[in-house]
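Visitor: okay, here's the prediction I keep looking at, along with the sequence it came from:
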Amino acid sequence: MKKILYVVCFLNLLIVSDKSIGNDVNSDLKVGVDDAITALQISSGIKTQLYLPSGFSWKGNWSPNNIQYRVNDVVTYDGSSYICTLEHKSDTTRIPTNEALWNVIARKGEKGDNGTQGVRGMNGLPPEHEWKNSSLRFKNPDGTWGKFVNLKGEKGESNFYTITHNSLNASDGLPENAVFVDHEGNVGIGTTVPSEKIEINGATKINGKIQIGNNNSTCNINNEGSIRYDYENKYLEFCNGSSWMSIEYNSNIDFQCGDDLFDKRNNKSYPTVNIGSQCWLAKNLNVGTQIDGTIEQANNVTIEKYCYENNEENCSSNGGLYQWAEAMNHNISNSQGICPEGWHIPSDNEWKTLELYLGMAVEQVESEGWRGTNEGAKILNGGESGFNGLLSGFRRTTGAFDDFNRHGYFWSSSSKPPHSYCRGLMDCYSTIIRAYNTPTEGYSIRCLKD
């Protein structure tokens, strides 16, 4: 009932108002029936600009990208027009068909039926023609005949291939067993007794691309064992029956701090930076399967992560957010946690080592709260240390997200039961906070080399 009233009220505004609505389609400075029709044409896509009465704000096509919509904002979505009834920020769940936030004011009509298909004409007759052995000629429109054309190809050289005993054997001056195809279709190169579809006896050299198996974008049970090369990320992949996996090469075998670290678990690379005696990731860790912020991260075989505002793009740019137990991989005695092999969650003392190197006084390092002078500025994104700390916000214990681009928090592996130590940065502070916070909040992770 509410939707019908909105449509009626909106059209009523358009028809009876005595005020001009932008460029009046009747050119008489008053709103008429044509203006009402224009509003409906906007929702159906016939026209692209809508002139609204005072108090309404035209926002164009609806966007899911965190747009602030206010009461009386009007948008177009899927061919229909909607008016905002409750102020909110948009995301993929708050679409205009959500009746708690929007009401329809002009709906796109249903598609009409297809018209009747015309009668198909008769096929033309084939041209008159004649065969003579392997030669063919056609009759011209004037009744005369064209010349016969021999369609038989020339005979190949007799010594190129010979067929003997249901097999194909290459000769032409080459060893008799150079190429051999048996009656089952097995191909032998360098052997006359191939036991597989292709068997090569001798060294093999391939100039150009090679694809083994079904090299397409889908990996499933039918493509298990297929191999392909990822030209974008520069590594070989194989299909395990459900997903493409990188074929491991130990890119970290000659690793030196400053090189990119390759995480074979999800094929991601991380820049690294040497700060004093320590080697740090210069980017927040992003590993695991995204879950909704309202769900607790569980002790199971799957690494779980939060993405700010439940948006995977925020994980791609700022890393995942993790509860302390998940960061420790639910094993407080092993500081590796969910870091890659050879790396670990830094302890409270290892954070102090970083702070002392950056210039923080010893008596301040041991204190809690905001400490130091400009050490925070040195490890913020773009700071002189190269640490590039991001203000990624955090996940509250309630499941809500807060302080994106304002705060950044990083777990340590140290705890002060029932809390856990962390470090924090803030956009308007040049110092670093040392705090022990609730372990069920979701913070960023910076791994430290063993």
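Guide: Nice, thanks for sending it over.
Visitor: show me the strands in the stretch 1-150 of the chain, by range?
Guide: 57-61, 68-69, 73-77, 80-84, 88-89, 102-106, 129-132, 135-138, 149-150 (DSSP state E, counting those that start in this stretch).
Visitor: so what strands line up beside the fourth one?
Guide: In other words, strand 80-84. Strand 80-84 pairs in its sheet with strand 73-77 (antiparallel), strand 102-106 (antiparallel), by DSSP bridges.
Visitor: what's the answer for the first one, then?
Guide: Applying DSSP bridges, strand 57-61 is found paired with strand 73-77 (parallel).
Visitor: what of the fifth one?
Guide: Its sheet considered, strand 88-89 pairs with strand 68-69 (antiparallel) by DSSP bridges.
Visitor: touching the strand it pairs with from outside, list them.
Guide: Contacting residues not belonging to strand 68-69 are listed as 59, 75, 84, 87, 88, 89, 90, 101 [C-beta atoms under 8 Å, 6 or more residues apart in numbering]. In short, each C-beta sits where N, CA and C put it, glycine included.
Visitor: nearest to residue 146, out of the strands paired with strand 80-84?
Guide: Across the strands paired with strand 80-84, residue 146 has its closest neighbour in strand 73-77 (63.1 Å, C-beta to C-beta).
Visitor: list the buried residues in that closest one.
Guide: Residues of strand 73-77 classed as buried: 73, 74, 75, 76, 77 (neighbour count, 16 or more other C-beta atoms under 10 Å).
Visitor: averaged pLDDT, it. What do you get?
Guide: In this model, strand 73-77 has an average pLDDT of 92.
Visitor: cool, and stretch 382-402?
Guide: Average pLDDT, stretch 382-402: 96.
Visitor: and if you look at stretch 205-212?
Guide: Computed over stretch 205-212, the average pLDDT equals 61.
Visitor: ok, stretch 146-158 next?
Guide: 74.
Visitor: where in the protein is pLDDT low?
Guide: 1-54, 121-125, 155-178, 206-217, 231-235, 247-253 (pLDDT under 70).
Visitor: show me which of the contacts of strand 68-69 is closest to residue 308.
Guide: Among those, residue 89 lies closest to residue 308 (C-beta to C-beta), at 12.9 Å.
Visitor: in contact with that closest one, which residues are there?
Guide: With contacts defined as C-beta under 8 Å, 6+ apart, the neighbours of residue 89 are 66, 67, 68, 69.
Visitor: if I look at the second one, how far off is residue 84?
Guide: Counting by C-beta to C-beta, to the nearest Å, the separation of residue 67 from residue 84 is 11 Å.
Visitor: returning to what we had before: can you list the strands paired with strand 80-84 in a markdown table and add distance to residue 147?
Guide: Formatted as a markdown table, those follow (distance: least, C-beta to C-beta, whole Å):
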| stretch | distance to residue 147 |
| --- | --- |
| strand 73-77 | 67 |
| strand 102-106 | 70 |
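Visitor: ok, which of these comes nearest residue 186?
Guide: Distance to residue 186, taken as C-beta to C-beta, is lowest for strand 73-77 among the strands paired with strand 80-84, at 60.3 Å.
Visitor: any residues touching that closest one, and which ones?
Guide: Here strand 73-77 makes contact (C-beta under 8 Å, 6+ apart) with 42-43, 50, 52, 56-62, 69, 81-84, 95-97, 105.
Visitor: same check on stretch 324-335?
Guide: 297, 299, 303-305, 336-338, 344-345, 347, 411, 413, 415, 420, 439-440, 443, 445.
Visitor: need the next SSE after the lengthiest strand in the chain, C-terminal direction.
Guide: When the chain is parsed with DSSP state E, its longest strand is strand 407-416. Later in the chain than strand 407-416, the nearest helix or strand by DSSP states H and E is strand 419-426.
Visitor: which helix or strand lies directly C-terminal to that following strand?
Guide: Where DSSP H and E defines the elements, the next helix or strand beyond strand 419-426 is strand 432-437.
Visitor: what pairs with that following strand, parallel or antiparallel?
Guide: Counting by DSSP bridges, strand 432-437 is paired with strand 369-371 (antiparallel), strand 419-426 (antiparallel).
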